[in-house]
Structures are given as C-alpha cells and as structure tokens.
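Participant: here is a sequence with its predicted model. Questions after.
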Amino acid sequence: MTIATDRLSFTFAALADPTRREILKRLAKGEASVLDIARPFKISLPAVSKHLKVLEKARLISRGRSAQYRPCTLEAEPLKEAADWVDQYREFWEQSFDRLGDYLKTMQLHEAKKNAASRSRKRR
C-alpha cells in the first residue's frame, strides 16, 4: 500500500459517515468552533469531538488554538486527492455510457424496422 492509497483510505473512511460530511459542508463556509459545529446535530458534544478527530486524522480538517478557542478549518488537499482518484474512472464510465447509448440506438432502429415490416405485411 502506498502512502497516497493510505491517505485515500483515511479520506474515504472519514467521508463514509453522513455526520462528518455535514461537518465538512459547514466548514466549507469558513472556520468554526466545536460548539458551532455541534449546534445543528442531535448528538452529544463528545460524539461531535470523535467525528472531528476522525476528520483530523484524515487531514480533512485542522484545529487551531487561540486560548480557549479551538477553531476547525477545512483542509481541501485530501478532498482533491480523492476527487483525482475518482476522476481516473470518469473516462471508463463515459465510454460505457457511450456504448450503451449506441446499443440503445441500434435496438430502437431494429425495433422500428421490425414494426415497419409487420405493418407492411398486415396491409397485404
């Protein structure tokens, strides 16, 4: 396993949880305190802290320190690495969809010819 793959594993594991995705969505608007992050969730503050630790371990967030205030900030690089990895498969899917589109057109043409032949026989 390479370091990049290991980072991807941490990133995707962190992104697997909907609460953590919502936290990242909130942090995309700007830094926030743990209390600000916890406010919309119906879970305990320790549970939010655990989610933040997972995000921090995956390097998706960083936590600053200013006296009692510990702002959390979104770190975009791991998200870019994950997007780049997923993007490798875009060409595969685009080609698959193109082939499926061609197949459907062929089937529609075949069906149209079959229906035309059937109508022609009925007229005779």
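Facilitator: Cool, the structure landed.
Participant: figure out how far the helix or strand encompassing Lys53 is from the centre of its chain.
Facilitator: Following DSSP states H and E, one finds Lys53 within helix 45-57. Relative to its chain's centre, helix 45-57 lies at 20 Å (Cα atoms, centre = their mean, to the nearest Å).
Participant: after that helix, next one along is what?
Facilitator: Where DSSP H and E defines the elements, the next helix or strand beyond helix 45-57 is strand 61-63.
Participant: which helices and strands does the next helix or strand after that next one pack with?
Facilitator: The element immediately downstream of strand 61-63 (helix or strand, assigned by DSSP H and E) is strand 72-74. Using 3 or more Cβ pairs under 8 Å, 6 or more residues apart in numbering; DSSP states H and E as the contact test, the elements touching strand 72-74 are helix 18-27, strand 61-63. Backbone N, C-alpha and C define where each C-beta goes, glycine included.
Participant: report the distance from the shortest one to the chain centre.
Facilitator: The reference is to strand 61-63. Centroid displacement of strand 61-63 relative to its chain, using Cα atoms, centre = their mean, is 20 Å.
Participant: ok, and what's touching it?
Facilitator: Ile23, Leu24, Leu27, Leu52, Leu55, Glu56, Arg70, Pro71, Cys72, Thr73, Leu74, Glu75 (Cβ atoms under 8 Å, 6 or more residues apart in numbering).
Participant: flag the shaky bits of this protein, pLDDT-wise.
Facilitator: Screening the chain residue by residue with the criterion pLDDT under 70, one finds the ranges 1-5, 123-124.
Participant: mind running it again at 80?
Facilitator: For the chain, applying pLDDT under 80 flags the ranges 1-5, 66-69, 98, 117-124.
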